[in-house]
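Structure of the sequence below:
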Amino acid sequence: MTTKTAASTRTGGATPSERTPANTKLYRTKNDLPPATRAQVADLLNQRLADCIDLQTQCKQAHWNLKGSTHETEKIVR
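Numbers count the residues shown, from 1 in each chain. The predicted structure is shown next:
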């Protein structure tokens, strides 16, 4: 029985160690990082981006769930 981690779920089943230039499309750049390192960096940045989007969604949800007389009028005006 194999279990998938959160990272492997977000990247389509491939963990950073499984991502290689052979199964990851990398564009030509002017930096001198090896392709395997670039794939790992891209994976980490994608995970952080997903985390930031999730945090933004949670903050927006929390804002809309605030209660009080002053918050109701602010929601209507915006």
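
helices or strands up against the one helix or strand residue 56 maps to?
Using DSSP states H and E, residue 56 falls within helix 35-64. Here helix 35-64 touches helix 6-10, going by 3 or more Cβ pairs under 8 Å, 6 or more residues apart in numbering; DSSP states H and E. All C-beta atoms are positioned from the backbone trio N, CA, C, and that covers glycine.

what's residue 31 in contact with, if anything?
residue 38 (Cβ atoms under 8 Å, 6 or more residues apart in numbering).

For it, give its distance to residue 39.
Distance, residue 31 to residue 39, using Cβ to Cβ, to the nearest Å: 13 Å.

One more: residue 47?
13 Å.

And for residue 52?
Taken as Cβ to Cβ, the span from residue 52 to residue 39 is 21 Å.

and these two? which has more neighbours close in?
Higher neighbour count among residue 52 and residue 39: residue 39, with 23 against 10, using other Cβ atoms under 10 Å.

pLDDT score for that one?
Residue-level confidence at residue 39 comes out at 90, pLDDT.

Provide a list of residues in contact with residue 52.
Applying Cβ under 8 Å, 6+ apart, one finds that residue 52 lies in contact with no residue.

nope, residue 41 is what I meant
By Cβ under 8 Å, 6+ apart, the contact list for residue 41 reads residue 33.

so where's the protein shaky on pLDDT?
Low-confidence segments of the chain, defined by pLDDT under 70: 1-24, 68-78.
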